[in-house]
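*Asks:* When you get a sec, could you give me coordinates for this:
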Amino acid sequence: MATTVSDFVIQRIREWGVSRVFGFPGDGIGEFDGALGKAERAGDGVEYIRPTHEEICALMATAHAKFTGEVGVCIATSSPGAFHLLNGLYDAAMDNQPVVAIVGQQGVNALGTFNQQQSNLERTFADVAVYVQTIVSPAQAQAVVDTAFRTARVRLQPAVIILPHDVQGMEMPKLGPENWVSRSSAVAPSTAIVPPREELARAAAIINEGKKVTFLVGHGANGATDLVLEAAHKAGAGIITALRGKQVVPSDVPHHTQQLGLLGSLPSLHQIKKCDTLVLLGTNYPYGQFLPATGQARAIQVDLKPEQMGLRYPTELNLWGDVGATLAALVPLLDEKTDLDWQNGIASEMVDWEGEMDAQAEVGYDDGVNPRRVYHELNKRLPPQAIVTADAGTTADWYGHHIRLRRGMMGDLSGRLATMLAAMPYAVAAKFAYPERPVICTIGDGAFQMLGMNELITVKKYLSRWENPQLIILVLHNDDLSQVSWEMRTEDANPVWATSQDVESVDYAGWAELLGFTGIRVTEDDQVAAAWDRAFANPGVTLIDAHTSKNVPPLPPHITAEFARNTAKALFKGDPDARGAIRDSAQALLTEGVERVKDTLHLGRSDKDE
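*Replies:* The predicted structure is shown next:
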């Protein structure tokens, strides 16, 4: 029997299916930490993972939710630790993930008295969390814990439980029928929601009437791969995946054109520009400039987040439901198309695009390794069941352009928050969730200096727990915050400002070796393939320190006149890397072929054609 509030909370979160938490100790959560230790010694606790920083705890809890579909749990002390959780909780909020944070607080009598480390945590977390509540009495604990987990799971958002230090050690009473006392259940509600049949019939009619149907598939369709493919087969549809939906549709599906937008493919852009029917499945794709023109396409959206439907494009029909359950009911209502010219044309164009990506990876540069080649060679060697993570710098571009996840593989990164901090915490969380699988973390040197270097210490601490200790970290070492550098040029026509953009060079391979891992330095293109072969042959942890060019442009599939003008202005305003950027951009453009160069340079067209 649980004897204290802390004992009860630990028992209750186990009843909610939690077997692993990510925490960092402190005096504000000290009594609860002690109860966690007591439960561990008794053999009925939860696995407690302690990384090097509270922010990483929250990022790892979010990653756990993304990779497993379970509720992620993070734990921290009061004010300082609680504040550090915020970035990871915003990651969960903006990527629609169920996470519960349990944070300490000073004693109840200290609330509102400006006591040391006492702050208004309910106000602090009010923006990021869908449910925030302080447990001020033992009889309240059951209802707060259950409501936090239930709300996080149903609303796909983070929830926060605030646990004052004195309440943590109070005796937990047996709850009975009493005024003001809620007796709740630790039962997860079903989210297998299916829209009414008449709405499904309307959706089927719209899709059946379409001649050029495109599915835009996001992470919300995770677990529904076969149903997505069956629906696309019957509708004769092309498929585009949002960046976080990359793992939903296998890369060997010929009419899957990968991503859309700045780091997407030209076939995806052409699909969007030409489709007459757009079906959004579990995605809140945020870049409206890449969606069809208003009135071009009839559109349907299927999602569990009703507030996000009809938000990016004026949809004709919004189906509130789980993607898998909804498709299972919708597929029998779809007519099987016999005219597959649209789908076959998409597949043919994708073959050409893959050839272009191969050619781009083979371009040589004078100022460092081609980063595309590093990803191209990785993709050729991805083992079955591999998990790949990326940060939100140029690694996201190369991940989108060159990584092709086959059935059974997984991949993820921070989506709408677009934080460059997440790649390493995600990779480590993936190893805990799937200790038997190989994990590859791809990360820029700026992001690696933020959180990645510290997390190699966490890896060293927990390596023995993993059935398959293979973890490969690729660091793109270019001494520059290169994604931001290119954004400065292309978005604002500003030259690179070295004061803000330069990254201090560090021997990353040496740092890995200092911790007892394998470090591989790559300084030439012809070393890339051998480096990956050696990394995949190593059963342990390997860090590839790839000295890549910072001037290779992350070219979008179609360059607008504004993009071209801004870049030109920036490079001729005294950009310190102008010579290298111009040279490397020219080499990249020439590889695209004469027709693509014409398109890129807008030869024979005016801005009005954009």
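
*Asks:* switch to C-alpha atoms for all contacts and neighbour counts from now on
*Replies:* Noted.

*Asks:* for the protein, which spans come out with low pLDDT?
*Replies:* Regions of the chain meeting the criterion pLDDT under 70 cover residues 1-2, 415-420, 481, 483-494, 496-501, 555-610.

*Asks:* So which residues of the stretch 1-150 of the chain form helices?
*Replies:* Secondary structure of the stretch 1-150 of the chain, counting by DSSP state H, counting those that start in this stretch: helices at 5-15, 30-42, 54-68, 79-84, 86-94, 121-125, 138-155.

*Asks:* List the buried residues of the second one.
*Replies:* Right, helix 30-42. For helix 30-42, a neighbour-count test (16 or more other C-alpha atoms under 10 Å) marks Gly30, Glu31, Phe32, Asp33, Gly34, Ala35, Leu36, Ala39 as buried.

*Asks:* Isn't Ala93 up against Pro158?
*Replies:* Yes: the criterion here is C-alpha atoms under 8 Å, and Ala93 meets it with Pro158 at 5.9 Å.

*Asks:* what touches both of the two?
*Replies:* Val128, Ala129 (C-alpha atoms under 8 Å, 6 or more residues apart in numbering).

*Asks:* of these two, who's got more company?
*Replies:* Pro158 (33 against 25; other C-alpha atoms under 10 Å).

*Asks:* So that one sits against Ala92, correct?
*Replies:* Yes: here Pro158 reaches Ala92: they are 6.2 Å apart, a contact under C-alpha under 8 Å.

*Asks:* re earlier: just name the closest of the buried residues of helix 30-42 to Asn115, please.
*Replies:* Gly30 (17.2 Å; C-alpha to C-alpha).

*Asks:* For that closest one, give me its contacts.
*Replies:* The neighbours of Gly30, taking C-alpha under 8 Å, 6+ apart as the test, are Thr77, His165.

*Asks:* Can you tell me how far it is from Pro80?
*Replies:* Note on Gly30: its distance to Pro80, by C-alpha to C-alpha, to the nearest Å, is 14 Å.

*Asks:* what does stretch 530-539 contact?
*Replies:* So stretch 530-539 is contacted by Glu377, Leu378, Arg381, Asn468, Pro469, Gln470, Ile472, Ile520, Val522, Thr542, Leu543, Ile544 (C-alpha under 8 Å, 6+ apart).

*Asks:* among these, which ones are buried?
*Replies:* Glu377, Leu378, Asn468, Pro469, Gln470, Ile472, Ile520, Val522, Thr542, Leu543, Ile544.

*Asks:* who touches the first one in this structure?
*Replies:* Neighbour list for Glu377: Val528, Ala529, Trp532 [criterion: C-alpha under 8 Å, 6+ apart].

*Asks:* same question, the second one
*Replies:* Contacts of Leu378 were listed using C-alpha under 8 Å, 6+ apart, and they are Ile403, Trp532.

*Asks:* before we move on, which element is it in?
*Replies:* helix 371-381 (DSSP states H and E).

*Asks:* Output the contacting helices and strands for the helix or strand following that helix.
*Replies:* Once the chain leaves helix 371-381, the next helix or strand it forms, by DSSP H and E, is strand 387-390. With contacts taken as 3 or more C-alpha pairs under 8 Å, 6 or more residues apart in numbering; DSSP states H and E, strand 387-390 sits against strand 410-412, helix 423-433, strand 439-444.
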